[in-house]
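**Student:** predicted model, plus sequence, below.
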Amino acid sequence: MRAAVPGLLAAAAAVALSYLLHRLLPAVPVLTAAVVLGLLAANLPGAAARAAGSWKPGLALAARKLLRLGIVLLGLKVSLVDIADLGWSALVLIVALVLAAFAGTYGICRLFRLPGDEPVLIAAGFSICGVSAIGAMAAVRRTRTEDTVVPIALVTLCGTLAIAALPAAGGLLNLPPGVFGSWAGASVHDVGQVVATAQTAGTAALAAAVVVKLARVVLLAPMTAAAGLLARRADAAQGPGAGKRPPLVPLFVLGFLALILVRTWGVLPEAVLDAAAVLQELLFAAALFALGAGVRVRALFASGVRAVAAALASWVLISGLGLAVAVLLAG
């Protein structure tokens, strides 16, 4: 733990600076600022040496453990009662949306020949719940932490673009608040980005967006379990020498499910839920800074152009699917 202190202090300072940047420039989300600060730390002279040296143990701890703690706390945002109020037809539509978005994004990433686990990680992040889904999927597939950086950067980039692009498109299409909110909830990646996008159209849009988005978030557990089952089967096909089998459902995903039940029972006061939401964003910001601090720009350019093109194409696809679902939900 002593070796991790310098890196954890650097992450804490970056989180504070991310919040300051967000206060000065509200259009810049905290998590986006954290990723950018991490990239700067990894590539500017002086800071780069520390990121690769004395900060490295603490940053590795933040990138792995703090991200997973944040995913666990995400469960406190999900109430099964609110989701059940959507009705069975709406839930079936949302499940179909997530499956279609996952398959479509995976196919696009394969078409652009993205390497390794990038296609499945990007598909999970875009279709389910952004950074949280990437972290969970990486765990069951035993993906190296450094290989999650490009998918996380892309999901953060496109989610941030949505904050500006969707309200502009909603205005041009003259969408009612409820339809616009459902569209944001169905197509924007992270929960915070959904809130930032939907609130531009008022409280009715925000309410619709949050419940649709949280219905997508619940699918994190079954999608992760399915990925874990496929990974186990692949290891079994390689024979007994394949090594330790990946978990069917990681422990932190079970914690996420447990906190969904806690939220659904309604035993926690609003003050505790609000504090947990702030803590979750702090954990994610620290983890994203740490992940960004592991990226060398020269190495990123190896697949960066193709990855950005694939991400933008996937974003257009998911936005179209989300709009279709929003219109059907309104009907």
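**Tutor:** Nice, I can see it. Residues are numbered from 1 along each chain as shown.

**Student:** which residues touch the helix or strand bottoming out on mean pLDDT in the chain?
**Tutor:** Every helix and strand in the chain was compared by mean pLDDT, DSSP states H and E; the lowest is helix 220-237, with a mean of 81. Residues from elsewhere that reach helix 220-237 (C-beta atoms under 8 Å, 6 or more residues apart in numbering): 71, 98, 102, 120, 124, 128-129, 132-133, 136-137, 139-142, 242-243, 245-250, 253, 256-257. In short, each C-beta sits where N, CA and C put it, glycine included.

**Student:** so where do the helices sit in the stretch 151-300 of the chain?
**Tutor:** Secondary structure of the stretch 151-300 of the chain (DSSP state H, counting those that start in this stretch): helices at 177-187, 191-198, 203-218, 220-237, 251-265, 270-292, 297-330.

**Student:** with distance to S54 and mean neighbour count as extra columns, can I get the ones you listed in JSON lines?
**Tutor:** JSON lines is the format used below for the helices of the stretch 151-300 of the chain (distance: least, C-beta to C-beta, whole Å; neighbours: other C-beta atoms under 10 Å):
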{"stretch": "helix 177-187", "distance to S54": "41", "mean neighbour count": "28"}
{"stretch": "helix 191-198", "distance to S54": "31", "mean neighbour count": "25"}
{"stretch": "helix 203-218", "distance to S54": "37", "mean neighbour count": "23"}
{"stretch": "helix 220-237", "distance to S54": "34", "mean neighbour count": "17"}
{"stretch": "helix 251-265", "distance to S54": "28", "mean neighbour count": "18"}
{"stretch": "helix 270-292", "distance to S54": "14", "mean neighbour count": "21"}
{"stretch": "helix 297-330", "distance to S54": "21", "mean neighbour count": "18"}
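
**Student:** which stretch in those helices has the least confidence?
**Tutor:** Note on those: lowest mean pLDDT is at helix 220-237, with a mean of 81.

**Student:** between helix 203-218 and that one, find me the angle.
**Tutor:** Going by axes from the mean of the first three to the mean of the last three C-alpha atoms, to 10 degrees, helix 220-237 is angled at 20 degrees with respect to helix 203-218.

**Student:** which among the contacts of helix 220-237 end up buried?
**Tutor:** For the contacts of helix 220-237, a burial check counting by 16 or more other C-beta atoms under 10 Å picks out 71, 98, 102, 120, 124, 128-129, 132-133, 136-137, 139-141, 246-247, 249-250, 253, 256-257.

**Student:** may I have stretch 25-35 as PDB, with CA atoms only?
**Tutor:** Presented in PDB, the C-alpha positions along stretch 25-35 are these (Å, rounded to 0.1, in the frame of the first residue of the first chain):
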ATOM      1  CA  LEU A  25     -16.700  24.900 -18.000                       C
ATOM      2  CA  PRO A  26     -20.000  23.200 -17.200                       C
ATOM      3  CA  ALA A  27     -20.200  21.800 -20.800                       C
ATOM      4  CA  VAL A  28     -17.100  19.600 -19.900                       C
ATOM      5  CA  PRO A  29     -18.300  16.600 -17.900                       C
ATOM      6  CA  VAL A  30     -16.100  15.600 -14.900                       C
ATOM      7  CA  LEU A  31     -15.400  12.100 -16.300                       C
ATOM      8  CA  THR A  32     -14.300  13.500 -19.600                       C
ATOM      9  CA  ALA A  33     -12.000  16.000 -17.800                       C
ATOM     10  CA  ALA A  34     -10.500  13.100 -15.800                       C
ATOM     11  CA  VAL A  35      -9.700  11.100 -19.000                       C
END
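
**Student:** how about it: buried residues?
**Tutor:** Within stretch 25-35, the residues scored as buried using 16+ other C-beta under 10 Å are 28-35.

**Student:** among those, which one sits closest to H189?
**Tutor:** Nearest to H189 out of the buried residues of stretch 25-35 is L31 (C-beta to C-beta; 10.5 Å).

**Student:** quick one: the closest one and L282, what's the gap?
**Tutor:** Distance of L31 to L282, given as C-beta to C-beta, to the nearest Å: 11 Å.

**Student:** kind regards, and thank you for your time.
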